[in-house]
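S.K.: Test case, fold it:
(2 chains)
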Protein chains: 2
Amino acid sequence: MRISEVFMPGDRAIVLLSGGLDSTTAAAWGKANQYELFALTIDYHQRHRCELDAARRVGEFLQVSRHVFLNVNLAAFGGSSLTADDLEVRHDVPLEVIGREIPNTYVPARNTVFLSLALAFAETVSAEHIILGINAADYSGYPDCRPEYLDAFTNMARLATKAGVEGTLQLRFHAPLMTLSKREIIELGLSLGVDFSLTHTCYSPTADGKSCGRCESCLLRLKGFQEADIADPLEYA
Amino acid sequence: MRISEVFMPGDRAIVLLSGGLDSTTAAAWGKANQYELFALTIDYHQRHRCELDAARRVGEFLQVSRHVFLNVNLAAFGGSSLTADDLEVRHDVPLEVIGREIPNTYVPARNTVFLSLALAFAETVSAEHIILGINAADYSGYPDCRPEYLDAFTNMARLATKAGVEGTLQLRFHAPLMTLSKREIIELGLSLGVDFSLTHTCYSPTADGKSCGRCESCLLRLKGFQEADIADPLEYA
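M.R.: Next comes the predicted model:
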């Protein structure tokens, strides 16, 4: 985990912005800490493509300096229920089971691909900071959301880049939500003025964009709002 | 460097196949070592797009089991003469200068992005091996072609994947050209039956597909063929 204590106001930061609750809160954290935000949203041919609209809304709301939408067709490989047509998104999984095993919504190496693209963006615009909404507490069983993974990525990234080799760029990864529960993330977001009605969370929304309320992602979100004793502003089917 | 001594014939391997001389030789090495090849070619909106046709020809020549062409628009970030329109590819750089500095043909974090995509492909098809044509001797100054970089990536990748975490997949990266000179790569390729007329190397080919003979990539290739005392089958402008 690389939550730096010291920063220069106005430093550039890449934020991986999916349009979900976590990445939106992480981006708002960056804004509140006076980073100049460069948002990167990946269209990986996910089923829940309304995420992309949510990302656009959030980017405008946070007045990012630049917002790159990048098309990377991870569906070409297959292997995840979030991209492949022959796998079903699990519904109604008991909350105590979520996080204990790696679900089939896991997209192979997704975070590694996304972090790599953020690294490419960072080097191009000379950003020293990369902000991520990843989170180990409620991480839903994804291996690439753990602190030890992020440390290994940071080590690799410093060896990978021209700027790192030349010593002109000291890359730092910030995962301000890493140790927070979903409830704490929601509370942090609200304290930073996030409008959660702009976000999208559901893995299998209805045709008119309502959240299903039954996939793992919805269940974790709803639990978080319930524990925070706050109404979720989204519409559920 | 991860050149394993032991392998199971028929093991699956992802090969990053650009269509150039190095990746083609690395792929032929994999074929000769009885790996079942899954080729991955990235269309990153490079200027020298005839590379993609070369990759297709080489994939057919080597009878790969599957060949995925993935579109990833690294030009959206800019920053390299290989993708950006406002930078020129250097010509006629003296050979002794090549490799001493990082040239503007460096695409930010390109190998990291490509390796991440190879990792996603590997996990999807349960391939334990990833074969790369990277090379430190004639590496032309790219930081992400060094052994220490590849070791750091391997470490990160093992922490990143469901298969790695569950212990069902022991990822290994193979860089059979890592310590070879361009001359030795050409000699290895010929000993493996590679038809180098299928490959493409030039960063700034003419409209009719001829190599310029003057960019850094051409200069290194030509030097290699000269030192091997073999005629380059490509046509030069």
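
S.K.: correct me, but residue A:148 touches residue B:159?
M.R.: Yes: counting by Cβ atoms under 8 Å, residue B:159 is a contact partner of residue A:148 at 5.9 Å. Heads up, the C-betas are built off the backbone N, CA and C, glycines and all.

S.K.: could you check whether the longest helix along chain A is close to chain B?
M.R.: As assigned by DSSP state H, the longest helix anywhere in chain A is helix A:110-125. Yes: using Cβ under 8 Å from any Cβ of the partner chain, helix A:110-125 comes into contact with chain B via A:110-113, A:115-117, A:119-121, A:123-125.

S.K.: name the helices or strands packed onto that helix?
M.R.: When contacts are defined as 3 or more Cβ pairs under 8 Å, 6 or more residues apart in numbering or on different chains; DSSP states H and E, helix A:110-125 sits against strand A:12-16, strand A:36-43, strand A:66-71, strand A:129-131, helix A:147-160, helix B:110-125, helix B:147-160.

S.K.: can those go into a markdown table with extra columns for mean neighbour count and mean pLDDT?
M.R.: Output for those, formatted as a markdown table (neighbours: other Cβ atoms under 10 Å in any protein chain shown; pLDDT from 0 to 100):
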| stretch | mean neighbour count | mean pLDDT |
| --- | --- | --- |
| strand A:12-16 | 26 | 97 |
| strand A:36-43 | 22 | 95 |
| strand A:66-71 | 16 | 93 |
| strand A:129-131 | 27 | 96 |
| helix A:147-160 | 22 | 88 |
| helix B:110-125 | 25 | 90 |
| helix B:147-160 | 21 | 88 |
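
S.K.: Save the ones you listed as TSV, and put in distance to residue A:214 too.
M.R.: Output for the helices and strands packed on helix A:110-125, formatted as TSV (distance: least, Cβ to Cβ, whole Å):
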stretch	distance to residue A:214
strand A:12-16	26
strand A:36-43	25
strand A:66-71	29
strand A:129-131	30
helix A:147-160	29
helix B:110-125	26
helix B:147-160	29
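
S.K.: among those, which is nearest residue A:174?
M.R.: strand A:129-131 (4.8 Å; Cβ to Cβ).

S.K.: So which of the helices and strands packed on helix A:110-125 is nearest residue A:24?
M.R.: Of all those, strand A:12-16 comes closest under Cβ to Cβ, at 9.5 Å.

S.K.: After the closest one, which helix or strand is next?
M.R.: helix A:21-32 (DSSP states H and E).

S.K.: For residue A:197, the count of nearby residues, please.
M.R.: Residue neighbour count, defined by other Cβ atoms under 10 Å in any protein chain shown, stands at 11 for residue A:197.

S.K.: Point out where chain A drops to low pLDDT.
M.R.: Along chain A, segments meeting pLDDT under 70 span A:1-10, A:47-48, A:78-107, A:137-142, A:163, A:168-169.

S.K.: Now residue A:41: closest residue in space, sequence neighbours ignored.
M.R.: In space, and not counting its chain neighbours, residue A:41 is closest to residue A:55: 4.1 Å by Cβ to Cβ, 6 or more residues apart in numbering or on different chains.

S.K.: I'd like to know which elements the helix or strand hosting the one you found is packed against.
M.R.: Counting by DSSP H and E, the element that carries residue A:55 is helix A:50-61. Using 3+ Cβ pairs under 8 Å, 6+ apart, the elements in contact with helix A:50-61 are helix A:21-32, strand A:36-43, strand A:66-71.

S.K.: Now residue A:188: which helix or strand?
M.R.: With DSSP H and E as the criterion, residue A:188 is inside helix A:182-191.

S.K.: Touching that helix from outside, list them.
M.R.: A:21-22, A:24-25, A:28-29, A:135, A:137-138, A:176-177, A:180, A:196, A:220-221, A:223-225, A:227-228, A:230 (Cβ atoms under 8 Å, 6 or more residues apart in numbering or on different chains).

S.K.: Mind listing what's buried along the helix holding residue A:55?
M.R.: Residues A:50-52, A:54-59, A:61 are the ones in helix A:50-61 that count as buried (16 or more other Cβ atoms under 10 Å in any protein chain shown).

S.K.: ok, now which ones touch residue A:55?
M.R.: For residue A:55, the contact set (Cβ under 8 Å, 6+ apart) comprises A:17-19, A:23, A:39, A:41, A:67, A:69.

S.K.: List the buried residues for the helix holding residue A:188?
M.R.: Neighbour-count burial for helix A:182-191 [16+ other Cβ under 10 Å]: A:182-189.

S.K.: Whichever helix or strand comes after it and chain B, any residue contact?
M.R.: Using DSSP H and E, the next helix or strand after helix A:182-191 towards the C-terminus is helix A:216-228. No: applying Cβ under 8 Å from any Cβ, one finds helix A:216-228 out of contact with chain B, separated by at least 15.3 Å.

S.K.: Helix A:216-228: how far from the chain's middle?
M.R.: Centre-to-centre, helix A:216-228 and its host chain are 16 Å apart (Cα atoms, centre = their mean, to the nearest Å).

S.K.: One more: stretch A:149-161?
M.R.: That offset, for stretch A:149-161, works out to 18 Å (Cα atoms, centre = their mean).

S.K.: Tell me, how many residues neighbour residue A:208?
M.R.: That count, for residue A:208 with other Cβ under 10 Å as the rule, works out to 8.

S.K.: From the geometric centre of chain A, which residue sits farthest away?
M.R.: residue A:166 (29.7 Å; Cα atoms, centre = their mean).

S.K.: pretty sure residue A:36 is in contact with residue A:62, am I right?
M.R.: No: applying Cβ under 8 Å as the test, residue A:36 and residue A:62 come out as separate, 11.2 Å apart.

S.K.: tell me the contacts of residue A:21?
M.R.: Residue A:21 neighbours (Cβ under 8 Å, 6+ apart): A:182, A:185-186, A:189, A:196, A:199, A:201, A:221, A:224.

S.K.: Apply 7 Å and report the result again.
M.R.: Counting by Cβ atoms under 7 Å, 6 or more residues apart in numbering or on different chains, residue A:21 touches A:185, A:196, A:199, A:201, A:221.

S.K.: Redo the residues you listed as TSV? Include distance to residue A:214.
M.R.: TSV is the format used below for the contacts of residue A:21 (distance: Cβ to Cβ, whole Å):
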residue	distance to residue A:214
A:185	21
A:196	19
A:199	18
A:201	12
A:221	11
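
S.K.: Closest to residue A:237 out of the contacts of residue A:55?
M.R.: residue A:19 (18.8 Å).

S.K.: Would you enumerate the residues in contact with that closest one?
M.R.: The contact partners of residue A:19, by Cβ under 7 Å, 6+ apart, come to A:41, A:51-52, A:54-55, A:58, A:199-200.

S.K.: same thing with residue A:25?
M.R.: A:133, A:177, A:185, A:188-189, A:194.

S.K.: And residue A:121, by the same measure?
M.R.: A:14, A:38, A:40, A:68, B:77 are the contacts of residue A:121 under Cβ under 7 Å, 6+ apart.

S.K.: Count the neighbours of the last one for me.
M.R.: The reference is to residue B:77. Neighbourhood size, residue B:77 [other Cβ under 10 Å]: 24.

S.K.: which non-adjacent residue is nearest it?
M.R.: residue A:124 (4.1 Å).

S.K.: Could you check how far the one you found is from residue A:14?
M.R.: 10 Å (Cβ to Cβ, to the nearest Å).

S.K.: Residue A:184 too?
M.R.: For residue A:184, the distance to residue A:14 - Cβ to Cβ - is 24 Å.
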